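>>> Any chance you can model this:
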Amino acid sequence: MTAIASQVSPAAALPSVAELDRALRDASPAEVIAAALGTVGRDQLALVSSFGTESAALLKVMADVDPAIPVIFLDTGWLFEETLAYRDTLIETLGLRDVRSIKPLEETLTREDPDRDLWFSNPDACCRIRKVEPLARALKPFAAWINGRKRFQGGARADIPVVEEDGSQLKFNPFANVSREDIDAIYASAKLPQHPLVASGFLSVGCMPCTSRGVEGEDARAGRWRGRGKTECGIHTMKIL
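Got it, this is the predicted structure:
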């Protein structure tokens, strides 16, 4: 365990969000994950992953720290088959021991999206019932969670801290400081498989109806909700709990 992680042992009083963020401001992704683990313990920590185009890098770093940290995967019912296959590939490749695939409640879908066209008429509502609400349920037992946002992604992500408060939980952003080159280096050094849709021109992959191929020179997330003026599903813009 890193020196930083040992400073925030669960045996001591939990440090404030500001103290954690200050201590981890210049830490490596592995040090941030180890500190999160040391702060709340494995049973109280989860990593949320979309198993998207850059997800393998964070999952690799986590697996090197502790492959048994629970990983929450939101199976929205609108994912590409390639994403589901990629999830299974990375579970085997990285030796992930506790990946939990979470789905929206069937009764909610029947009530609020009976014709499966909510993604078109109200994409915010679609994201709420298929992503935000299921994640809130899945994260309820945990005290802290890890996600893969990076500042270089821009928009609402440009100024994210390394540690922040998310309702009643701690939220760790171990990749806040990384560059695209850092991520490429992790893929190269670990020989990580790419998401199958990268070869087809998809720079960022979410739900099938709201994801399009990228165009040369575009921001990586420009293909998400194209033409909608929407850049986030709500997971990172609403308080989860």
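>>> Thought Val32 was touching Met62, still the case?
No - if you go by Cβ atoms under 8 Å, Met62 and Val32 don't touch, sitting 10.2 Å apart. Bear in mind the C-beta positions are built from the backbone N, C-alpha and C, glycine included.
>>> Contacts only, for Phe51.
By Cβ atoms under 8 Å, 6 or more residues apart in numbering, the residues touching Phe51 are 73, 83, 86-87, 90, 195.
>>> In terms of helices and strands, where is Ser101?
Assigned by DSSP states H and E, Ser101 falls within strand 99-102.
>>> If you count neighbours, what's buried in that strand?
99, 102 (16 or more other Cβ atoms under 10 Å).
>>> Next: stretch 107-126.
With burial defined by 16+ other Cβ under 10 Å, the residues of stretch 107-126 counted as buried are 109, 112-113, 118-119, 123, 126.
>>> picking up where we left off before, go ahead and name everything in contact with the strand holding Ser101.
70-75, 87, 91, 134-135, 137-138.
>>> So among these, which ones count as buried?
Buried among the contacts of strand 99-102 (16+ other Cβ under 10 Å): 70-75, 87, 91, 134-135, 138.
>>> For Ala30, give its distance to Val61.
Distance, Ala30 to Val61, using Cβ to Cβ, to the nearest Å: 5 Å.
>>> Now list whatever residues contact both of those two.
Contact criterion Cβ under 8 Å, 6+ apart; residues shared by Ala30 and Val61: Pro174.
>>> What about the contacts of Phe51, which are in helices?
83, 86-87, 90 (DSSP state H).
>>> looking at the residues you listed, which has the most residues close by?
Within the ones in helices among the contacts of Phe51, Tyr86 tops the neighbour count with 26 neighbours, counted by other Cβ atoms under 10 Å.
>>> contacting residues for that one?
Contacts of Tyr86 (Cβ under 8 Å, 6+ apart): 51, 193, 195-196.
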